[in-house]
Every structure is written in C-alpha cells, then in structure tokens.
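J.: Would you be able to build a 3D model of this:
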Amino acid sequence: MILRHAKLSQQEDALRVQIRQLTDAQRKQYYKLEAEQVKDPDTFAVLNWFFVAGLHHFYLGKFARGGVNLSLFLLSILILVIYPNHWAGYSIFVGILVIELPQLLSSQNIVHHHNNQIMAKCLADVRHPKA
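T.: The predicted structure follows:
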C-alpha cells in the first residue's frame, strides 16, 4: 500500500527527529548505511516510463515482481513477432500498461515510501547492531 505524500512526509519527519537523537558516531554510521540504499525517484520514473519491461521493480529490489513483469513483456513481444497483430500479444502488453501506469503516476510516492522503509531499517540497524 502506498501512502499519500503528506503521510509519507510525516513519517520521514518523524524518522529524521529520531536520527537527530543519535550520537555522532551512530549518525555517521546511519548516513553511511542510508546513502548505500536509498533510491532516486527520477531514476525509478525513467525506468518505468521508457522500459515498461519492469526494470523499475528491479531498481527497488523487488526481483520477483520485476521478473514476472519482464517475462510478460518479453512474451507479448515474442507473440507479436511470431504472430503479428495477434490479440494475445496486444492483450498482454495492454495489461502491463494498465498495471504499470498508476505506478508511473505515483512514482514519487512509491520511492518515498521505499526510502522511508530504508531509513527505518537503517535506524534500527544502528540502534541495535547485530553481533
């Protein structure tokens, strides 16, 4: 479930308050972890816009969803190459577009939600390091 921008901003603000409460050493470690894992909303949108093939899912680490999306995309292309103008190839392609269009339109919120989850995980990892 993707939240609205205002709710995502509230979550991010709450996380940033917690980050400011860390010690200097913990904050340094936190920002190192965060920098390695946060994603850029524009990159996600570009991958979604230009490559309907599901590459944007791989970018966020959702490999199963990306694999299904890529497989369906390639299947639709294969059907259209073997059987030009066949309804099945077009149907699969249109189905992908119908599913992916809302993600394109809410790409900023999707990545914001993902990054908030990363921030929370990094914060937990810094506060409670595993032995």
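J.: Averaged over its residues, which helix or strand of this protein has the lowest pLDDT?
T.: helix 41-50 (a mean of 82; mean pLDDT, DSSP states H and E).
J.: Buried residues in it, which are they?
T.: Buried residues in helix 41-50, counted by 16 or more other CB atoms under 10 Å: 44-45, 47-48. To be clear about C-beta, it is placed using only N, CA and C from the backbone, and glycine gets the same treatment.
J.: With stretch 66-75 instead?
T.: 66, 69-70, 72-73.
J.: Quick one: these as TSV, columns for pLDDT, distance to Asn85 and secondary structure too.
T.: As requested, the buried residues of stretch 66-75 are exported to TSV (pLDDT from 0 to 100; distance: CB to CB, whole Å; DSSP: H, G, I helix; E, B strand; the rest coil):
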residue	pLDDT	distance to Asn85	secondary structure
Gly66	89	28	helix
Asn69	89	23	helix
Leu70	89	23	helix
Leu72	91	19	helix
Phe73	89	18	helix
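J.: What is the nearest of the residues you listed to Gly54?
T.: Asn69 (2.7 Å; CB to CB).
J.: give me the number of residues near the residue nearest to that closest one when sequence neighbours are not counted?
T.: Excluding its sequence neighbours, the residue lying closest to Asn69 (CB to CB, 6 or more residues apart in numbering) is Gly54, at 2.7 Å. Neighbours of Gly54 under the rule other CB atoms under 10 Å: 25.
J.: Next: the one 5 residues further on.
T.: Tyr59 has 18 neighbouring residues, counting by other CB under 10 Å.
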